[in-house]
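> Task: produce atomic coordinates for the following.
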Amino acid sequence: MNVSFLTSRQHDLRLPAAIKDRAASWVITPSSANIRSFEEAPFRRMYQFWFAAILWAEHLGLEPDSSARGEKFVSAGPTPNDVHLDGWILEFLVLIAVHRLRTDVDALPEASSVFALANTLAAAGGHRLLMDLESKADILEPRLYTATTVFQQAAMSMRVKYA
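This next block holds a predicted model:
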């Protein structure tokens, strides 16, 4: 699927401030990269947490949180300063938008609609994702394994649900 239309111009990636602040402990930032390992912070960038929150909202069947405007933390787009999202991430965003917005598959939704929906789903899923990660976090266990376990359990429940 050609999804290049999604990044032909800039789109803000947003998270509510409270979610972004709590998620920061699960994300390696450029300033903490030399003192934190991947095991301690399993998300390499905030946009990876943002995407996981979207998938978590989908997994749990949550409605988009349209009341949460969120703070911009980065832009996705064509310029060197923008985040360049992997094609598979963009494809998932389009598939979720087609499903949620009930658009005609022959006419893909506008890029602005895809990112607006993604931001509202990230707001809806972010809090629940953090709750699940934090409830299973063990001070003696690296966070990577906590995140992997949470996602693995979700995948297994989805497999059973659709078997």
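> which stretches of this structure form helices?
Shown for the chain, the helices assigned by DSSP state H span residues 17-23, 46-60, 87-101, 111-136, 143-161.
> which residues are in contact with the second one?
Meaning helix 46-60. 13, 15, 19-20, 23-24, 26-27, 43, 62, 64, 73-74, 76, 83, 85, 89, 92-93, 96, 118, 121-126, 128-129, 132, 151, 154, 158 (CB atoms under 8 Å, 6 or more residues apart in numbering). Any C-beta I mention is one placed from the backbone N, CA and C, and that applies to glycine too.
> now it, how far from the centre of its chain.
Helix 46-60 has its C-alpha centroid displaced from the chain centroid by 3 Å (CA atoms, centre = their mean, to the nearest Å).
> and what of the first one?
In terms of CA atoms, centre = their mean, the centre of helix 17-23 is set 13 Å apart from its chain centre.
> how near is the residue nearest the centre of the chain to Glu91?
What sits nearest the mean C-alpha location of the chain, by CA atoms, centre = their mean, is Phe51, with 1.5 Å. Using CB to CB, to the nearest Å, we find Phe51 at a distance of 12 Å from Glu91.
> how many neighbours does the nearest residue to Ser66 once chain neighbours are set aside have?
Sequence neighbours aside, Thr120 is the residue nearest to Ser66 in space, at 5.2 Å (criterion: CB to CB, 6 or more residues apart in numbering). For Thr120, the number of neighbouring residues by other CB atoms under 10 Å comes to 23.
> what about the protein, any weak spots by pLDDT?
Within the chain, the segments meeting pLDDT under 70 span 30-36, 38, 103-105, 139-140, 161-163.
> cutoff 90 now
Scanning the chain for pLDDT under 90 picks out the ranges 1-4, 25-26, 28-44, 59, 66-70, 98-99, 101-109, 132-163.
> pretty sure Ile28 contacts Arg143?
No: using CB atoms under 8 Å, Ile28 is not in contact with Arg143; the gap is 10.6 Å.
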